[in-house]
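**Student:** Sequence and computational prediction follow.
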Amino acid sequence: MYNYIAIEGIIGAGKTTLSNTLCRALEAESLLEQFEENTFLEKFYESPEAYAFTLEMSFLASRYHQLSHILSKPNLFPQLTISDFVFYKSLVFAANNLKNDELQLFRKLFDIMFNQLPKPDLTIYLNISIAKAQSNIRKRGRDFEFEITDQYLHSLHEQYLKYFGQLQNETILILNMEDRDIMNSPEDFEWILGLIQKPYTPGIHYF
């Protein structure tokens, strides 16, 4: 039914875990964000004001490169593709991290790129509490992420919801994942599988 599904959520929401699990179950092509290659990420957490613009520009370029590579294929999405990011994630984080003049410049570049890229047929937003996100962040053990504050995560969540409200003709499922565990509960995973096999009208759908 869908050819391109994107998984989104704040830091620590479980995007990559769900993307990988769905890809294995559905024999889908995986498209994972290459954040490990971003040399500015750790520097940003150490000094946000000094590296915010450089970080967001580098992520913008990286995400554009990954998605435009898909466009270069002879048959766009010949099979189901599942990604752990959407391109407009760049604008969500930029709105959260950049000063107004930097954001205006960033937005101009974003708009040029955004119109050239494929849009997800379905976007899944994993909604969890800040406490659960922080717990997940600590479990995966990236030391530079330990400095992420509750306020920062809350602000990101609010930016996502604000941006979702501005989108037109996009289909977004917001899933309450607070008491879900797809890795250890087959019922929880089957619940998500069932949701992505149904048709939806454009707009935001809460589960």
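**Tutor:** Happy to help now that I have it. Numbering: from 1, shown residues only.

**Student:** use CA for all of it now, contacts and neighbours both
**Tutor:** OK.

**Student:** tell me which helix or strand of the chain sits lowest on mean pLDDT?
**Tutor:** Least confident helix or strand, the chain: helix 41-46 with a mean of 84, by mean pLDDT, DSSP states H and E.

**Student:** What residues sit buried inside that helix?
**Tutor:** 41-42, 44-45 (16 or more other Cα atoms under 10 Å).

**Student:** what about it, distance to the chain center?
**Tutor:** 19 Å (Cα atoms, centre = their mean, to the nearest Å).

**Student:** now what about it, what contacts it?
**Tutor:** Contact with helix 41-46 is made by 35, 50-52, 55, 144-145, 147-148, as judged by Cα atoms under 8 Å, 6 or more residues apart in numbering.

**Student:** Looking at those residues, which are in helices?
**Tutor:** 50-52, 55 (DSSP state H).

**Student:** quick revisit: could the contacts of helix 41-46 go into CSV alongside neighbour count and distance to E29?
**Tutor:** Output for those, formatted as CSV (neighbours: other Cα atoms under 10 Å; distance: Cα to Cα, whole Å):
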residue, neighbour count, distance to E29
F35, 13, 19
A50, 12, 37
Y51, 18, 33
A52, 23, 31
L55, 20, 27
F144, 13, 30
E145, 18, 28
E147, 9, 33
I148, 13, 31
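
**Student:** Those into a markdown table, with extra columns for pLDDT and distance to Y4?
**Tutor:** Conversion of the contacts of helix 41-46 to a markdown table gives the following (pLDDT from 0 to 100; distance: Cα to Cα, whole Å):
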| residue | pLDDT | distance to Y4 |
| --- | --- | --- |
| F35 | 75 | 21 |
| A50 | 88 | 36 |
| Y51 | 90 | 32 |
| A52 | 92 | 30 |
| L55 | 91 | 27 |
| F144 | 77 | 32 |
| E145 | 82 | 29 |
| E147 | 83 | 33 |
| I148 | 89 | 31 |
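
**Student:** What about H157, how many residues nearby?
**Tutor:** Applying other Cα atoms under 10 Å, we find 21 residues neighbouring H157.

**Student:** before we move on, what about the one 5 residues further on?
**Tutor:** When neighbours are counted by other Cα under 10 Å, K162 registers 12.

**Student:** Go ahead and report the secondary structure state at it.
**Tutor:** helix (DSSP: H, G, I helix; E, B strand; the rest coil).

**Student:** ok, N176 to E190 distance?
**Tutor:** Per Cα to Cα, to the nearest Å, N176 is found 15 Å from E190.

**Student:** again, but for N96
**Tutor:** From N96 to E190 the distance is 34 Å (Cα to Cα).

**Student:** Neighbour count: these two, which is higher?
**Tutor:** Per other Cα under 10 Å, whichever of N96 and E190 has more neighbours is N96, with 19 against 11.

**Student:** rewinding a little: which of the buried residues of helix 41-46 lies closest to T81?
**Tutor:** L41 (26.3 Å; Cα to Cα).

**Student:** how close does E147 get to T54?
**Tutor:** 19 Å.

**Student:** Please apply the same query to T39.
**Tutor:** Applying Cα to Cα, the value for T39 to T54 is 10 Å.

**Student:** which non-adjacent residue is nearest R63?
**Tutor:** F87 (6.3 Å; Cα to Cα, 6 or more residues apart in numbering).
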